[in-house]
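Chemist: Next one to model:
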Amino acid sequence: MHEHTKHAIEIAREAGAVLREGQRHPFAIDKKGSRDLVTSVDTASEELIVRRIRERYPDDRIVAEESAPVGPGEGTGTRSRAWIVDPLDGTNNFAHGYPFYCVAVAIEEAGELVTGVVYDPLRDELFAAERGGGATLNGKPIRVSDASLVGESIVATGFPYGRSESTENNLDNLGRVILSVRGIRRAGSAELDLAYVACGRLDGFWELGLKIWDVSAGGLLVLEAGGTVTLTDGSDWDHSRDDIVASNGRIHDEMVALLGAPDSDVD
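Modeler: Residues are numbered from 1 along each chain as shown. Predicted coordinates:
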């Protein structure tokens with residue numbers, strides 16, 4: 001395991017401890033939008049993560065949810081390596097006491113994801129992946145599920161904060177997919193949903209309106225666990241885009257077809 005991956009794991013565990021402790025005490029809640037919240041715990045977690053990265057890798061770029069890119073030259077950095085950070089993925093869950101949220105840290109080298117770490121502090125589950133090195137859960141290798149049909153699958157999704165103002169709100173996709181799958185889940189943390197695809201708890205996941213820190217770590221986990229990740233139209237995945245479909249690979253074509261099908265084509 002590369003040193004930067006080890007450091008990402010250490011950072012994620014430290015930040016997870018901040019989330020666990022933060023849940024036990026009163027915390028401040030602010031609104032970035034009518035549905036988009038940020039808490040004082042998000043901020044504390046991000047400050048710790050940025051500080052720990054800076055201590056070891058002062059010239060690397062950092063792209064984090066609650067702040068502008070951090071690094072020399074207004075975030076451009078002097079290296080091609082960038083850390084992509086979500087200090088608390090599932091803030092709405094956290095704010096309401098719903099126990100499904102995580103810390104996510106990904107590392108990008110010259111535009112390519114090389115490390116992905118997702119840490120669930122409530123279950124003490126640490127998902128990690130390195131490009132070409134496979135994926136693990138608490139140090140043990142994980143693989144995607146072997147479901148071969150959408151009709152035998154449990155999949156997950158989510159909805160953008162601005163779903164009331166835009167028709168690109170995923171509701172049409174939900175209507176098609178829910179009629180075809182065995183079960184559908186909406187748990188509120190894209191990175192954890194992707195980690196669950198990687199370890200076989202879910203067979204697939206899709207969502208629109210995401211940010212780079214919502215998918216980078218989890219997307220790499222799925223790929224390294226033997227799954228498939230694309231954009232919703234089936235084209236090559238770009239982790240800077242706002243849409244994603246991830247699956248065990250066996251049901252991927254069916255999922256993409258459902259997401260692209262007009263309502264009149266659904267049985």
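Chemist: going forward, measure contacts and count neighbours with C-alpha atoms only.
Modeler: Fine.
Chemist: check contacts around the nearest residue to Glu130 once chain neighbours are set aside.
Modeler: Among residues not flanking Glu130 along the chain, Thr115 sits closest, at 4.6 Å (C-alpha to C-alpha, 6 or more residues apart in numbering). Contacts for Thr115 were tallied using C-alpha atoms under 8 Å, 6 or more residues apart in numbering; they are 5, 106-108, 128-131, 217, 220.
Chemist: can you tell me the average pLDDT over the helix or strand harbouring Thr115?
Modeler: Per DSSP states H and E, Thr115 falls inside strand 112-120. The average pLDDT for strand 112-120 rounds to 98.
Chemist: tell me the angle of the helix or strand just after it relative to strand 112-120?
Modeler: Next in sequence after strand 112-120, counting helices and strands by DSSP H and E, comes strand 125-130. Strand 125-130 runs at 170 degrees relative to strand 112-120, counting by axes from the mean of the first three to the mean of the last three C-alpha atoms, to 10 degrees.
Chemist: Next, the buried residues of strand 125-130.
Modeler: Residues 126-130 are the ones in strand 125-130 that count as buried (16 or more other C-alpha atoms under 10 Å).
Chemist: quick one: which of these is nearest to Asp253?
Modeler: Set against Asp253, the nearest of the buried residues of strand 125-130 by C-alpha to C-alpha is Ala129 (24.5 Å).
Chemist: Tell me the bridge partners for that closest one.
Modeler: Note on Ala129: beta-bridge partners by DSSP bridges are Gly116, Ala135.
Chemist: List the contacts of it.
Modeler: Residues counted as contacts of Ala129 (C-alpha under 8 Å, 6+ apart) are 115-117, 135-136, 220-221, 224.
Chemist: Now do the end-to-end distance for stretch 244-251.
Modeler: End-to-end distance for stretch 244-251, by C-alpha to C-alpha, to the nearest Å: 15 Å.
Chemist: What ranges does the stretch 51-200 of the chain have for its strands?
Modeler: For the stretch 51-200 of the chain, the strands defined by DSSP state E, counting those that start in this stretch cover 61-64, 81-89, 102-109, 112-120, 125-130, 134-137, 140-141, 154-156, 183-185.
Chemist: where do the helices sit along the stretch 151-267 of the chain?
Modeler: For the stretch 151-267 of the chain, helices defined by DSSP state H, counting those that start in this stretch occupy the ranges 171-177, 190-198, 212-224, 252-260.
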